[in-house]
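**Q** Compute the structure for the input listed below.
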Amino acid sequence: MPLEELNLELEGEHDAILYELNKMEMDLEGYNYREAEADFRKIAGLISQHSIDEQRSLLGFLIEKLGRTNSESYIRVMRGHVQIMKLINSLVSMTEKGEGINIGDIENLKLLLSKQFEDEQQLFKEAARIIYSELNTRYNDEVDRYVNEGGK
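**A** Residues are numbered from 1 along each chain as shown. Below is the predicted model of the structure:
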C-alpha cells in the first residue's frame, strides 16, 4: 500500500480506536460489563496492531529518508507507544484476574492516546512533505529532460 494511503488508514484507525473507547465507556456507564469487556479486547488488539503498523511503515519510512539521527524526534514520538501498551497490558491483566476496568481507567487511556495521536500528526505531516518533495523533484527532472531533449 502506498504510504499516502497508509497515512490515511492510520489516521482513520486513530478515530476508530477513540470511537471504541467511547463505546466502552458508555457500556460501563450502562452497567453492560460483558459488552465493555468485549469492547476492551477489541481495543487492545486495535492499538497493538496499530502501534506495530506505525512503527514498521511510517517510522521506517522516515528513518530511511531522513536517517536515524534526523529522525530522533519521531523515534521519541513512537516511544509513546510503550507507555500506552504498558497501560493496556495492565488493564488486560486486571480483566484476566476478574477485576473490572472502570471509567477512570478508560479516561486515562483516552488521555494518553489523544496526546500520542496529536504528536503523531507530526510524523504524518513529515511523511507527506517528503513524498510531495520527491514527486516534485521527479516532475521537475522529467520536465528538464523533456526540454533538454528538444521536446522529444
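**Q** Report all helices and strands that the host helix or strand of Lys23 contacts.
**A** Applying DSSP states H and E as the criterion places Lys23 in helix 3-29. Applying 3 or more CB pairs under 8 Å, 6 or more residues apart in numbering; DSSP states H and E, one finds that helix 3-29 contacts helix 33-53, helix 103-148. Backbone N, C-alpha and C define where each C-beta goes, glycine included.
**Q** what mean pLDDT does the shortest one have?
**A** This points to helix 33-53. The pLDDT scores in helix 33-53 average 89.
**Q** ok, and for it, which residues are buried?
**A** Buried residues in helix 33-53, defined by neighbour count with 16 or more other CB atoms under 10 Å: Ala36, Glu37, Asp39, Phe40, Ile43, Ala44, Ile47, His50, Ser51.
**Q** picking up where we left off before, same list, the helices and strands packed on helix 3-29, but as CSV with distance to Asn22 please.
**A** Below are those laid out as CSV (distance: least, CB to CB, whole Å):
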stretch, distance to Asn22
helix 33-53, 10
helix 103-148, 8
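**Q** CSV for the buried residues of helix 33-53, including distance to Lys110?
**A** Shown next, in CSV, are these (distance: CB to CB, whole Å):
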residue, distance to Lys110
Ala36, 14
Glu37, 17
Asp39, 13
Phe40, 13
Ile43, 10
Ala44, 14
Ile47, 12
His50, 15
Ser51, 16
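**Q** between those residues, which is closest to Ser114?
**A** Ile47 (13.0 Å; CB to CB).
**Q** before we move on, back to that, the helices and strands packed on helix 3-29: which one's closest to Val92?
**A** With CB to CB, the closest approach to Val92 among the helices and strands packed on helix 3-29 belongs to helix 33-53: 5.9 Å.
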